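Enquirer: Predicted model follows, preceded by the sequence.
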Amino acid sequence: MTTEKKEFWKKYKRQYNQPLDPIDRLSELIYGVIMTLTFTCTISLATAGQQEIKTALWAALGCNTAWGIIDALVILMGNIFDRGKRFKLLSSLHKANDTQSANAILKEAFPPIVAEIIKPNQLDNIRKNLLELPEPPKKAFVNIYDIKNAIIVFLLVVISTFPVAFPFIIISEPIVAHRLSNAVALLLLFSFGFFLGRKTYYNPTIMGLGFMILGGLLVLMTIALGG
């Protein structure tokens with residue numbers, strides 16, 4: 001690797017070491033809670049024995065483990081594709097034949113609302129600054145932070161099984177355990193929605209209630225479809 005490229009990676013190392021977004025973390029927890037609910041809600045309150053409950057809980061843990069692995073791989077691939085997309089943009093700017101073509105490529109990379117209001121002289125300044133960087137490598141790469149984020153995603157999905165399943169472990173009466181499990185799940189969904197509302201433009205309370213209702217509907221739909 002040339003000295004120029006080494007300086008490039010050194011200068012922009014932090015760009016590729018982004019921690020997992022808090023909203024992404026919450027999304028994984030929401031998926032895990034809803035998936036667990038689809039199993040706990042299928043437990044028959046009238047006839048459930050310890051073996052049936054145990055089987056349902058193991059099935060929920062197994063399902064979330066499998067989902068966690070899949071989601072972790074999706075996150076890993078998403079990071080690679082996103083990094084490759086940024087590399088391709090920089091490479092395209094280096095290869096553009098004229099200023100107009102380069103500015104058009106750069107403008108397409110902005111969100112629509114930003115692309116609408118950005119001025120030609122601002123595009124010129126951004127383009128010039130980007131062209132001062134060396135051309136990126138041909139392939140995107142996986143770094144330790146990508147793997148770390150993938151592991152975090154896996155753990156979040158698996159860990160989300162336990163708050164909903166825990167009442168069945170500590171309470172021998174199925175009806176009481178089921179009611180408490182549902183209450184915990186609804187409280188968690190409300191808390192997740194409330195937090196997402198605070199992180200976004202929307203009313204936290206309405207978001208929390210919306211997640212509770214949506215979670216319940218998704219569980220009913222999943223059970224109705226044989227999930």
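Expert: On my side now, so go ahead.

Enquirer: This protein: helices as residue ranges?
Expert: 3-11, 22-40, 50-95, 99-108, 112-117, 120-131, 144-159, 161-170, 174-199, 204-224 (DSSP state H).

Enquirer: What are the phi and psi values at residue 143?
Expert: With angles defined as degrees, to the nearest 10, residue 143 sits at phi -120, psi 180.

Enquirer: Revised request: answer the last question for residue 118.
Expert: According to degrees, to the nearest 10, residue 118 has phi -70, psi 140.

Enquirer: quick one, what contacts it?
Expert: 107, 110 (Cβ atoms under 8 Å, 6 or more residues apart in numbering). C-betas here are computed from N, CA, C, even on glycine.

Enquirer: quick one on the thing from earlier: single out the most deeply packed of the helices of the chain.
Expert: Mean neighbour count (mean count of other Cβ atoms under 10 Å) peaks for helix 22-40 among these, with a mean of 20.

Enquirer: still on that earlier bit, can I get the helices of the chain in CSV including mean pLDDT?
Expert: Output for those, formatted as CSV (pLDDT from 0 to 100):
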stretch, mean pLDDT
helix 3-11, 58
helix 22-40, 82
helix 50-95, 83
helix 99-108, 84
helix 112-117, 84
helix 120-131, 84
helix 144-159, 88
helix 161-170, 87
helix 174-199, 85
helix 204-224, 79
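
Enquirer: my read: residue 26 touches residue 192, true?
Expert: Yes. Counting by Cβ atoms under 8 Å, residue 26 touches residue 192, with 5.1 Å between them.

Enquirer: residue contacts, the residue lying closest to residue 204 once chain neighbours are set aside?
Expert: The shortest distance from residue 204 to any non-neighbouring residue, by Cβ to Cβ, 6 or more residues apart in numbering, is to residue 197 (3.4 Å). Residues in contact with residue 197, defined by Cβ under 8 Å, 6+ apart, are 203-208.

Enquirer: distance between stretch 180-200 and the chain's centre?
Expert: 17 Å (Cα atoms, centre = their mean, to the nearest Å).

Enquirer: Using CSV, write out every CA atom in it.
Expert: Output of stretch 180-200 as CSV, limited to C-alpha atoms (Å, rounded to 0.1, in the frame of the first residue of the first chain):
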residue,chain,number,x,y,z
LEU,A,180,-47.3,-11.2,33.7
SER,A,181,-45.3,-12.1,30.6
ASN,A,182,-47.8,-10.2,28.4
ALA,A,183,-47.6,-7.2,30.7
VAL,A,184,-43.8,-7.2,30.6
ALA,A,185,-43.9,-7.4,26.8
LEU,A,186,-46.4,-4.6,26.4
LEU,A,187,-44.4,-2.4,28.8
LEU,A,188,-41.2,-3.1,26.9
LEU,A,189,-42.9,-2.3,23.5
PHE,A,190,-44.3,1.0,25.0
SER,A,191,-40.8,1.9,26.4
PHE,A,192,-39.2,1.2,23.0
GLY,A,193,-41.7,3.2,21.1
PHE,A,194,-41.5,6.1,23.6
PHE,A,195,-37.7,6.2,23.3
LEU,A,196,-37.9,6.1,19.5
GLY,A,197,-40.4,9.0,19.6
ARG,A,198,-38.0,11.0,21.7
LYS,A,199,-35.2,10.3,19.2
THR,A,200,-37.4,11.3,16.2
